[in-house]
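A.B. asks: the sequence isn't on hand, but the structure is:
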Ligand SMILES: [Zn+2]
């Protein structure tokens, strides 16, 4: 199964918002079992650059877990090259910014944390490792304007397996 993570936020003087582009961004997810539906209360960090091998999966995967209730194993993999920018035109609307391949388990909640890159309107000033766990406000010295990100929301949507 393939799931897209959609985010929505209000951008102020922000041109683009995107996860750190080197693949080391940590997607902070809560995961549930695809068989019995048991929700794991722990937050897990899933990163494209962090992959391991498991006996019950072919190849490397980014995150692997056994359901604590029914013991069925499952995995989540970040689809390579699927992460996208959230731009000024997207402000206030949901947009898919990354996709996951899931088997046996699936994410059902996402937490905004650190690791975001923000480019400002007009000045192109860049802020790195922005933390969105709370409303974010800064002052862009170049454009002499306040910049900010607020009203963060997220949801998961089902995607066709062969989506590019
Ligand atoms: Zn289960």
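C.D. replies: Right, received. Where do you want to start? What you are looking at is a predicted structure, and each value in this text was computed from that prediction instead of being measured.
A.B. asks: identify the residue nearest the most centrally placed residue in the chain in space, chain neighbours excluded?
C.D. replies: Central residue of the chain (C-alpha atoms, centre = their mean): residue 27, 4.6 Å from the mean position. Spatial nearest neighbour of residue 27, chain neighbours left out: residue 46 (4.6 Å); criterion: C-beta to C-beta, 6 or more residues apart in numbering. Heads up, the C-betas are built off the backbone N, CA and C, glycines and all.
A.B. asks: surely that neighbour and residue 76 touch.
C.D. replies: Yes: with contacts counted by C-beta atoms under 8 Å, residue 46 reaches residue 76, the gap being 5.7 Å.
A.B. asks: joint contacts of the two?
C.D. replies: Counting by C-beta atoms under 8 Å, 6 or more residues apart in numbering, the common neighbours of residue 46 and residue 76 are 29, 62-63, 100, 107.
A.B. asks: next, give phi and psi for residue 90.
C.D. replies: phi -90, psi -10 (degrees, to the nearest 10).
A.B. asks: how many neighbours does it have?
C.D. replies: Residue 90 has 19 neighbouring residues, counting by other C-beta atoms under 10 Å.
A.B. asks: check residue 29 too.
C.D. replies: 23.
A.B. asks: in the sheet, who's paired with it?
C.D. replies: residue 44, residue 110 (DSSP bridges).
A.B. asks: and the gap between it and residue 21?
C.D. replies: Distance of residue 29 to residue 21, given as C-beta to C-beta, to the nearest Å: 20 Å.
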